[in-house]
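Q: sharing a model prediction with you, sequence too.
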Amino acid sequence: MRQIGVGRRLAARVSAKYVYPVRRPTVLIVEDEPDVRRLLVRLLERNGYEAVEARDGIEGVRAVFDRRPDAVVLDVNMPRLDGWQTLDRVREVSDVPVLMLTAQGDELNKVRGLRRGADDYVTKPFGRQELLARIEALLRRAGAGGGHAAEQYEDGVLSVDLQQRVARVRGAHLRLTPLEFKLLAAFVRHPGQVLSREQIIEQVWSEPYIAADQVKLLVGRLRRKLADHVAGDPIETVRGFGYRFTPPAEGTRSA
């Protein structure tokens, strides 16, 4: 009973005391193959995106109107309304970045997609990290054009600019390595949630075969750097599951 009470108090603290202005970018997946669609949803959500599904082009065009996504991953070969027709309809009403996804890898199809208004092109089977990097690049270019606000995290103690890759504690710069910053970014995108080691590996490293000890070492390094500035330990080890980030308390240590 005591553990339940502690959990409730922690949830109340996280939800009531802190505001998280980090808006997860929304990516619309228009794909008729359920297995591929589920794979993409899981991949995107584990990497800090909000994924919206559409089973065909008609649902996809409707979702562009209703959800106003930040980017679209669009399959070419679909029933009812194929990818080319869907792209034409989307371009009539929106300049949202579109990444075409298809099994056809010849140059003619790539040129066709780019000329009809696609922003990028990935061929099946695709590498997960390549797909994520291309989506990130599309969003970055769209943001630079003024269409999207930069991702920011702020809890009153810690602030993180996820696009500029800068972290500060009460305005003081927090010096982090690229891997440490990626780990911190994964945590602040999911405050109060337990991230498994597999989720951390997928979001921080570009290769899947990372030993659990490497995750533990990286978490330890980030903890030590935060401990120089923040009272308490905002990174909790949840045995058997992974790690949970809780926004730091108001008190800070002197650097």
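A: Yep, it's here.
Q: which regions of the stretch 151-255 of the chain lie under the pLDDT threshold?
A: By pLDDT under 70, the low-scoring segments of the stretch 151-255 of the chain are 206-208, 249-255.
Q: strands of that one, residue ranges please.
A: Remark: strands assigned in the stretch 151-255 of the chain by DSSP state E, counting those that start in this stretch are 152-154, 158-161, 166-169, 172-173, 194-196, 235-238, 242-245.
Q: kindly export stretch 201-210 (C-alpha atoms) in CSV.
A: Backbone C-alpha positions of stretch 201-210 (Å, rounded to 0.1, in the frame of the first residue of the first chain) are rendered in CSV as follows:
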residue,chain,number,x,y,z
ILE,A,201,19.3,1.8,-27.2
GLU,A,202,16.9,2.6,-30.1
GLN,A,203,16.8,6.3,-29.4
VAL,A,204,20.5,6.9,-28.5
TRP,A,205,22.6,4.6,-30.6
SER,A,206,22.4,4.1,-34.4
GLU,A,207,23.0,0.3,-34.1
PRO,A,208,20.8,-2.2,-32.3
TYR,A,209,23.5,-4.5,-30.8
ILE,A,210,24.5,-2.5,-27.7
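Q: and that stretch, which residues are buried?
A: Residues 201-205, 210 are the ones in stretch 201-210 that count as buried (16 or more other CB atoms under 10 Å). The C-beta positions use only the backbone N, C-alpha and C, and glycine is treated the same way.
Q: in helices, which of the residues you listed appear?
A: Counted as lying in helices by DSSP state H, out of those, are 201-204.
Q: format these as JSON lines; extra columns: distance to residue 92.
A: Shown next, in JSON lines, are these (distance: CB to CB, whole Å):
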{"residue": "201", "distance to residue 92": "41"}
{"residue": "202", "distance to residue 92": "36"}
{"residue": "203", "distance to residue 92": "36"}
{"residue": "204", "distance to residue 92": "40"}
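Q: now, which of the residues you listed sits nearest residue 217?
A: Nearest to residue 217 among those: residue 204, at 11.9 Å, using CB to CB.
Q: residue contacts, the closest one?
A: Counting by CB atoms under 8 Å, 6 or more residues apart in numbering, residue 204 makes contact with 179, 182-183, 186, 218.
Q: for PyMOL, what selects the buried ones among these?
A: With 16+ other CB under 10 Å as the criterion, this PyMOL line picks the buried residues out of those:
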select buried, resi 182+183+186+218
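Q: out of the contacts of residue 204, which sit inside helices?
A: Using DSSP H, 179, 182-183, 186, 218 are the members of those that sit in helices.
Q: how about those residues in TSV, adding distance to residue 160?
A: Shown next, in TSV, are those (distance: CB to CB, whole Å):
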residue	distance to residue 160
179	15
182	11
183	11
186	11
218	17
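Q: right, I'll leave it there.
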